[in-house]
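Asker: Got a sequence here, can you model it:
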Amino acid sequence: MKIGILSIGQVDSQIIERIRENLNTILPKTTLAPMTKPLPTPEEAYDETRQQYNADIILNRIRNHTEKEKNLDKILAITDCDIFTPQLSFIFGKAEYPGKIALISLHRLRQEFYGKNPNAELFLERSVKESVHELGHTLGLRHCPNPFCVMYFSNSIFETDRKQSLFCSKCYTRIEDNLNNQA
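Answerer: Numbers count the residues shown, from 1 in each chain. Below you'll find the model as predicted:
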């Protein structure tokens, strides 16, 4: 499986590279490559009242921006913007289920957001977990009831920290079945 990593707005290239390296370890049968042309943050996605960006609008822009990327199986988009969906006050990410496009936000994954000192390793760990989680949705996985599975729904950063960056055995089996059925 070939996954392109797309920056939405200004995202530190070192962070993208570290996420890519970690994803290669967790998803060894994949090729991950940064996409050369970043997508500017869609201004129409900004909600003045909430002071956040609507993830659905961003996903639509990504879809339009990457329509011609036929050589990629999946696209992982990474933004530093605070994102939401109308049903929730914030989200760490969103993806097509099943589909091609996954989006994560780094905004609330930093310790600084919670008034704490920076922690680069914890930030990377959280970023990887959310990336794997959203890519799992593109592969046909729903949320898992196992609080340690990467597919568990994180309603807070504490739940993100509790779960692992790996799929539980049930979710892993579902992914294998889904990929075998596509072949």
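
Asker: Report the distance from stretch 87-102 to the chain centre.
Answerer: Here the centre of stretch 87-102 is set off from its chain's centre by 8 Å, with C-alpha atoms, centre = their mean, to the nearest Å.

Asker: Ignore what I typed, I meant stretch 164-178.
Answerer: If you compare the mean C-alpha spot of stretch 164-178 with that of the full chain, they lie 17 Å apart, counting by C-alpha atoms, centre = their mean.

Asker: if I read this right, residue 144 contacts residue 171, doesn't it?
Answerer: Yes: counting by C-beta atoms under 8 Å, residue 144 touches residue 171, with 5.4 Å between them. Quick note: C-beta positions are derived from backbone N, CA and C, even for glycine.

Asker: Just the buried positions in the lengthiest helix in the chain, please.
Answerer: Longest helix of the chain, by residue count under DSSP state H: helix 120-138. Judged by neighbour count using 16 or more other C-beta atoms under 10 Å, the buried positions of helix 120-138 are 123-138.

Asker: just so I have it, where are all the helices in the chain?
Answerer: With DSSP H as the criterion, the chain has helices spanning 13-26, 55-65, 120-138, 157-162, 169-182.

Asker: which outside residues touch the last one?
Answerer: In other words, helix 169-182. Contacts with helix 169-182, where a contact means C-beta atoms under 8 Å, 6 or more residues apart in numbering, come from 1, 98, 136, 139-141, 144, 146, 149-151, 166-167.

Asker: Now which of those residues would you call buried?
Answerer: Buried among the contacts of helix 169-182 by 16+ other C-beta under 10 Å: 136, 139, 140, 141, 144, 146, 149, 150, 151, 167.

Asker: Those residues in strands, which ones?
Answerer: Counting by DSSP state E, these place none of their members in strands.

Asker: So which of those residues is the closest to residue 113?
Answerer: Taking C-beta to C-beta as the measure, residue 113 lies nearest residue 150 of these, at 20.9 Å.

Asker: what's near enough to touch that closest one?
Answerer: When the contact criterion is C-beta under 8 Å, 6+ apart, the partners of residue 150 are 129, 132, 133, 136, 163, 164, 165, 166, 167, 171.

Asker: how close does it sit to residue 157?
Answerer: 15 Å (C-beta to C-beta, to the nearest Å).

Asker: List the buried residues of stretch 172-183.
Answerer: Judged by neighbour count (16+ other C-beta under 10 Å), stretch 172-183 contains these buried residues: 172, 174, 175.
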